[in-house]
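Chemist: what follows is a predicted structure for the sequence shown.
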Amino acid sequence: MLKTSVLQMNSQGDKPANLRAIADLVERAVARDRPDWILLPEHCEWLGGSGGAPGVAEPATGGETYELLATLARQHRVWIHGGSFYERSTTPGRAFNTSVVFDRDGREAARYRKIHLFDVTTADGARYHESATIEPGDAVVVYDLEGVTVGCSICYDIRFPELYQALVARGAELIAVPAAFTLLTGKDHWETLIRARAIETQTWVAAAAQWGSYDTPAGERQSFGQSMVVDPWGQVVARVSDGTGFATAHIDRDLTARVRQQIPVAHNKALGVRVPA
């Protein structure tokens with residue numbers, strides 16, 4: 001069975017420190033649990049408000065974060081799904097919020113640019129306007145992880161189930177959700193959304209989150225944490241609660257098959273395209 005680890009970070013506006021934290025967490029997870037696949041959170045390399053994204057954005061390849069993740073994957077012979085980092089756009093003053101995946105040889109295996117951008121004013125008055133500096137992606141992305149099809153999403157994407165249905169239609173058995181959910185929305189919605197996406201798609205969902213406070217020009221912000229792995233029945237099988245750390249779980253494809261056989265949701269669709277029997 002495939003062994004997966006989700007990493008929980010408290011990234012700040014200090015890129016060198018964040019990169020050191022990535023290397024430390026990956027090394028600790030490998031030493032303790034020997035996972036096949038590691039998922040990092042959204043903005044693993046820098047978290048200081050999306051307004052600063054263009055200034056810290058890296059080229060598509062060859063940047064500090066890209067090279068670190070490739071090196072860690074190669075050194076530890078592990079797949080690394082790189083959460084997300086800011087990738088330069090050809091449009092001045094803008095960037096992409098991008099996940100890059102590396103195989104055991106440190107080669108790029110997939111790239112996903114966040115489709116749904118977080119433009120929200122929360123109940124406490126905090127304003128988030130990701131689209132002011134971030135360009136949305138336009139591609140639904142899956143990749144082959146040694147026989148397991150993995151679907152890509154990032155944070156706010158989880159509120160849009162049509163994306164997850166599109167990933168399942170492309171064969172996804174495991175869906176990655178790197179995130180930096182706010183404390184306010186996270187305490188009420190985070191676990192519910194993850195479990196709902198797992199239940200309705202009958203896939204494993206791995207969610208790696210940011211946790212704790214970080215500074216932005218608009219003031220201090222709080223991330224919720226609670227990184228977790230959820231099975232296709234909707235049960236949480238591994239979790240990181242508060243603080244930084246990691247949690248590991250096996251992806252049991254036999255369980256996926258049993259769940260899909262017991263409740264054949266894909267074959268019972270009345271709207272949209274049915275999956276052939």
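Modeler: Now that the structure is in, tell me what you want to look at.
Chemist: CA only for contacts and neighbour counts going forward, please
Modeler: OK.
Chemist: surely Trp233 and Thr201 touch.
Modeler: No - with contact defined as CA atoms under 8 Å, Trp233 does not count as touching Thr201 (9.6 Å).
Chemist: these two: which is more packed in?
Modeler: Thr201 (27 against 20; other CA atoms under 10 Å).
Chemist: let me see the contact set for the more buried one.
Modeler: Going by CA atoms under 8 Å, 6 or more residues apart in numbering, Thr201 touches Tyr164, Gln165, Val168, Pro232.
Chemist: would you agree the first one falls within a helix?
Modeler: Looking back up the chat, that one is Tyr164. Yes - applying DSSP: H, G, I helix; E, B strand; the rest coil, one finds Tyr164 inside a helix.
Chemist: three-state assignment of Ser131?
Modeler: helix.
Chemist: okay, now it: neighbour count?
Modeler: When neighbours are counted by other CA under 10 Å, Ser131 registers 17.
Chemist: and if you look at the one 4 residues further on?
Modeler: Residues near Glu135, counting by other CA under 10 Å, number 21.
Chemist: okay, it: pLDDT?
Modeler: pLDDT for Glu135: 97.
Chemist: again with Ser50
Modeler: Reported pLDDT for Ser50: 86.
Chemist: need phi/psi at it.
Modeler: Main-chain dihedrals, Ser50, degrees, to the nearest 10: phi -70, psi -20.
Chemist: isn't it right up against Thr133?
Modeler: Yes - taking contacts as CA under 8 Å, Ser50 lies within contact range of Thr133: 6.6 Å.
Chemist: which of those two has more residues huddled nearby?
Modeler: Neighbour tally, Ser50 and Thr133, criterion other CA under 10 Å: the higher count belongs to Ser50, 23 against 19.
Chemist: find the residue closest to that one in space, skipping its chain neighbours.
Modeler: Glu130 (5.8 Å; CA to CA, 6 or more residues apart in numbering).
Chemist: so the one you found touches Phe118, yeah?
Modeler: Yes - under the criterion of CA under 8 Å, Glu130 makes contact with Phe118 at 5.3 Å.
Chemist: same drill for the two, tell me which one is more crowded.
Modeler: Taking other CA under 10 Å, Glu130 and Phe118 do not tie; Glu130 has more neighbours (19 against 16).
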